[in-house]
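Visitor: The amino acid sequence is not available; the structure is as follows:
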């Protein structure tokens, strides 16, 4: 088919769109047979979401991307129905699901996406069926009230204010403890939006940055730029937010990390002093601490950062998208100590709260700070109403708060803490096993449940550490090639999955080093599985060694 | 309970969080009884989402907001589970759902939220169970491929490019026809973000606005502000986006509308001329046309706007969040004529595509324009990859594209066009009925499926049009009070729901006029129901008349 005009869809049976069929689809399946097919599929989806997924992890090249691209290339919407509902569901389960990625597999330890409790699917189903829009009370009623309540619960988990504080704010339509967002990116963006506006508030003859824009703000305040400081391991959403907010992403200033991948406090202090010496040309809008970096899981020294921000009157934001739920563990909660001093905190629901895609949250210590981003309209979100859309980057929003609220009741904080502890302790044991094996080098020790390592046999590591600068580079390049290839071969085999990233270890190893990155968050992932993964990688390595040049180059 | 420290949860039966229970929740219900309770509730949710909702619309004051606020005020997360899964689900269905808003009721005609086909809940359930994250191929695989395909399908619906164009771009990892977003607000924001960056691209000595920020951009280009022009009926998300992007929301310039609520083309031309006379100090970043205003459903003259933008080299954005799907109707598609000239188009999935909350989309005529907002990182979204997160405001995203793709197959464009046509034609008949009744004044004639009207008996209307300016104001104030009260009494009675907004009709009627706003999108909403609603409003009016002063004041 080459021409648009000649296109006619040819479904097996001619289906026709008509009013009665349509009305029925708002109510019920077309007949008993159709209902039975739907039930047949929905039951296993609701009660064991694993069974219909590919047994393997599935980022395999069995059906290559090129083949898939060729298969899904028609761009016509057919006029009449192409398929019956039951057939579309059948396709989803039998054709599409096996070619999706089985993120629920305990062998999938490469990204911050994992298995979720089966009941999460029920809760999401109920949220979809209710179809409430929490942008306004008139399309959500009690659900907006519950959203405010669960926001207060997590606020309390973070900030531990007293009972009187929460009595005052939990259902107060004039104050805002936080906001649900589409995800961590928008939570971080919201925090920096608020911080930007708080840094350039209205004053005599100036209506505030939200009203007049960043150029006017710079002139009104006599500054040339607004900067944000964060560890160079900060999530890329922070750079994107700085660009989006009109600050320019080059003004997100990356600060070096220490050997534990935590932001270097002395460097932050030095940078702030340096900035202050430029005659007030640069306004520091925020300093960001990370509670669980995406690549290594490291937690910045939050209390020290809070002190620096306090001394310098800077908004202190903590990106705890990953590490926030660690607060629920009595054993490891201390790791995120200092988070309670943050002016704002990002936490993701779809990460360590084990909610389905996607749910982010942003919290503010000061319940009036979100006034800086309040918007009203004439048909909803009138001042003083309970409408949650008044202070929210997004407009219409689904009620993911109901899922979190329900789950907190079902799991209790102890349920979550068991998951957190399993992750941290399994990662620790995994690190110990990697250290034991002579083919591997542990690159970053896990503080939470994320670690990185690479194939680097101990004799090569010894050679590497003693080599000259150019020799270091040569060896490191070869190691990078081996690790890149191993990760690819492992991924394509489809049995297990680790991700890869590149870390800067110039001084020690002569360049950017390619590492395997592992995220241990699936309670079914245990040491047996992790040993299998290491075995598989060693096998791939041996094969590369026997067939390839790179390893020989290493040893030459 | 007054003190934080004394708090201990007392569930009826002591539940304890333990590892085995936890592991099981990732796999299956605790026992057969629990599974049966879940099934009992999930079946009606899946096959008739109406039955468990309140029979009435439900924004009732039966349980007042104050009572609800008092009921949902505890801010503690209990350590052990508070309730069993089955009990939490029972609460959701029996206690919470009846206090939510029955947006699926055919009597709920107040907002752009309505009934959805029952199978939407199935599709959302499958998306949740798959739990794919389309930010990157490694957590979505085929689902990212399908997302690109469905984006191309809707792009084709809008832009009708030739087959070769779609063959080239449908699965091209280097180009981008559009992007799914959380909702229309973020779709509009994405469009304006792209337009802003395209207006201040890198040039000698300047790295571009995304990189250096808006203040530097202004200096590099010798301008003082970036402005956006839109009808004063533009959605409030546009003002918010202008603030967010650092342009300042006062630089979203509202243009007057004509008597059909369409942006006044002469005024736009005049405003552009005026701006151009300021010596290049103001850069016009975009002109926005609206295809279906939120308050009245009016469609701006898109072709004329496109011409103006073409002549002046201005980015032309169309906010078709509401009206976009009209393209699928052969009968009414012409209403959005000119949309194909837009540089970018917003369409919402959760509005007239009848998808569950929430799903927005943004489309670009030029498949390379989104390069202006490309972001990469070291562990995902590497250049040249199929990772959809490279060009997207959000990060992690659920695969709502699968829902739209499946629904297009199930409904066909004709299925959608039947819904569109029902809405437009029912609104037209409703308007005719309002005109017939002497107690009502039709304020805005529906062009699509949105109309506004108010209680304003014909004799009062006559009096009003002939009155002096001060007299007009007095009568209008009284009418506003009556209409506000009627809408509130109707809402609190809980049988039906229309929203209210305020329109500017100063010249004709002496001020801002309060109107009922109706959105006819539920296929079960018919003239019988609409007549019932009018009857109900007339009854409320009569009661106000008999008991209150305002109407008597009107007639004095």
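Guide: Yep, it's here. Computed from a predicted model, the values in this text were never measured in an experiment. Numbering: from 1, shown residues only, chains lettered A, B, ... in the order given.
Visitor: and the longest helix for chain A?
Guide: Taking DSSP state H as the criterion, chain A has its longest helix at helix A:400-436.
Visitor: Give the rounded mean pLDDT of the following helix or strand past that one.
Guide: Using DSSP states H and E, the helix or strand that follows helix A:400-436 in sequence is strand A:440-444. Mean pLDDT, strand A:440-444: 97.
Visitor: The helix or strand that strand A:440-444 is followed by close to chain B?
Guide: Using DSSP H and E, the helix or strand that directly follows strand A:440-444 along the chain is strand A:450-455. No - applying CB under 8 Å from any CB of the partner chain, one finds strand A:450-455 separated from chain B by no less than 9.9 Å. C-betas here are computed from N, CA, C, even on glycine.
Visitor: the inter-axis angle of strand A:450-455 versus helix A:400-436?
Guide: Angle of strand A:450-455 versus helix A:400-436, following axes from the mean of the first three to the mean of the last three CA atoms, to 10 degrees, is 40 degrees.
Visitor: Report the mean per-residue pLDDT for whatever helix or strand comes next after strand A:450-455.
Guide: Using DSSP H and E, the helix or strand that follows strand A:450-455 in sequence is helix A:458-466. On average, the pLDDT along helix A:458-466 is 91.
Visitor: next structured bit after the strand or helix carrying residue A:86?
Guide: Following DSSP H and E, the helix or strand that holds residue A:86 is helix A:85-91. Using DSSP H and E, the next helix or strand after helix A:85-91 towards the C-terminus is helix A:119-130.
Visitor: name the helices or strands packed onto the next helix or strand after that following helix?
Guide: Heading C-terminal from helix A:119-130, the first helix or strand you meet, by DSSP H and E, is helix A:142-159. On a contact count with 3 or more CB pairs under 8 Å, 6 or more residues apart in numbering or on different chains; DSSP states H and E, helix A:142-159 meets helix A:163-169, strand A:178-181, strand A:344-348, strand A:360-364, helix A:400-436, helix B:65-71.
Visitor: what about the strands in the stretch 201-350 of chain A?
Guide: Under the criterion DSSP state E, counting those that start in this stretch, the stretch 201-350 of chain A contains strands at A:225-231, A:252-255, A:282-290, A:315-319, A:344-348.
Visitor: Among those strands, which comes closest to chain B?
Guide: Closest approach to chain B among the strands of the stretch 201-350 of chain A (CB to the nearest CB): strand A:225-231, 6.4 Å.
Visitor: Run me through the strand neighbours of that closest one, direction for each.
Guide: Partner strands for strand A:225-231, per DSSP bridges, with pairing direction: strand A:252-255 (parallel), strand A:282-290 (parallel).
Visitor: Need the contact partners of the first one.
Guide: If I follow you right, that is strand A:252-255. Strand A:252-255 is contacted from outside by A:227-232, A:234, A:238-239, A:242, A:263-264, A:267-268, A:271, using CB atoms under 8 Å, 6 or more residues apart in numbering or on different chains.
Visitor: Okay, buried residues for that strand please.
Guide: Within strand A:252-255, the residues scored as buried using 16 or more other CB atoms under 10 Å in any protein chain shown are A:252, A:253, A:255.
Visitor: With adjacent residues omitted, what lies nearest to the first one?
Guide: What sits nearest to residue A:252 in space, not counting adjacent residues and going by CB to CB, 6 or more residues apart in numbering or on different chains, is residue A:242, at 4.3 Å.
Visitor: Let me see the confidence value for the most centrally placed residue in chain A.
Guide: The centre of chain A sits closest to residue A:184, judged by CA atoms, centre = their mean, with a distance of 5.7 Å. pLDDT recorded at residue A:184 is 97.
Visitor: tell me the contacts of it?
Guide: Contacts of residue A:184 by CB under 8 Å, 6+ apart are A:235, A:237, A:319, A:321, A:346, A:348, A:351, A:360, B:395, B:396.
Visitor: Residue A:183 too?
Guide: A:348, A:350, A:358, A:359, A:360, B:394, B:395, B:396, B:397.
Visitor: export the residues you listed to CSV and tack on neighbour count?
Guide: Shown next, in CSV, are the contacts of residue A:183 (neighbours: other CB atoms under 10 Å in any protein chain shown):
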residue, neighbour count
A:348, 28
A:350, 27
A:358, 27
A:359, 25
A:360, 28
B:394, 26
B:395, 29
B:396, 27
B:397, 27
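Visitor: interface residues of the stretch 401-550 of chain A facing chain B?
Guide: A:402, A:406, A:408-415, A:417-419, A:422, A:491, A:497, A:499-502, A:517, A:523-524.
Visitor: redo that, cut-off 7 Å
Guide: A:406, A:408-415, A:418-419, A:499, A:501-502, A:517, A:523-524 (CB under 7 Å from any CB of the partner chain).
Visitor: Which of those are buried? Put it as a PyMOL command.
Guide: Restricted to buried positions by 16+ other CB under 10 Å, the PyMOL selection for those reads:
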select buried, chain A and resi 406+408+409+410+411+412+413+414+415+418+419+499+501+502+517+523+524
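Visitor: Do I have it right that residue A:375 meets residue B:236?
Guide: Yes - here residue A:375 lies in contact with residue B:236, judged by CB atoms under 7 Å, at a distance of 5.7 Å.
Visitor: picking that back up, report the contact partners of the residue nearest to residue A:252.
Guide: A:228, A:248, A:249, A:251, A:252 (CB atoms under 7 Å, 6 or more residues apart in numbering or on different chains).
Visitor: Tell me, what's the model's pLDDT at the closest residue to the second one other than its chain neighbours?
Guide: With sequence-adjacent residues excluded and distances taken as CB to CB, 6+ apart, residue A:248 is closest to residue B:213, at 2.9 Å. Note for residue B:213: predicted pLDDT of 98.
Visitor: Tell me the buried residues in stretch A:29-41?
Guide: Buried, per 16+ other CB under 10 Å, within stretch A:29-41: A:29, A:34, A:35, A:37, A:38, A:41.
Visitor: now those residues as CSV including secondary structure, distance to chain B and pLDDT?
Guide: Formatted as CSV, the buried residues of stretch A:29-41 follow (DSSP: H, G, I helix; E, B strand; the rest coil; distance: CB to the nearest CB, whole Å; pLDDT from 0 to 100):
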residue, secondary structure, distance to chain B, pLDDT
A:29, coil, 7, 80
A:34, helix, 10, 81
A:35, helix, 7, 82
A:37, helix, 11, 82
A:38, helix, 6, 83
A:41, helix, 8, 80
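Visitor: Just the closest of those residues to residue A:80, please.
Guide: Nearest to residue A:80 among the buried residues of stretch A:29-41, counting by CB to CB, is residue A:34 at 17.6 Å.
Visitor: dump the residue contacts of the residue of chain A found nearest chain B.
Guide: In chain A, the residue that lies nearest chain B is residue A:246 (1.9 Å; CB to the nearest CB). By CB under 7 Å, 6+ apart, residue A:246 lies in contact with A:214, B:213, B:214, B:245, B:246, B:247.
Visitor: Mind doing that once more with 10 Å?
Guide: A:196, A:209, A:213-215, A:217, A:226, B:193, B:196, B:209-210, B:213-215, B:217, B:226, B:243-248 (CB atoms under 10 Å, 6 or more residues apart in numbering or on different chains).
Visitor: And it, how far from residue B:14?
Guide: As judged by CB to CB, to the nearest Å, residue A:246 and residue B:14 stand 54 Å apart.
Visitor: Could you look over the helices and strands packed on helix A:142-159 and pick the most buried one?
Guide: When neighbours are counted by mean count of other CB atoms under 10 Å in any protein chain shown, the highest per-stretch mean among the helices and strands packed on helix A:142-159 falls to strand A:344-348, a mean of 29.
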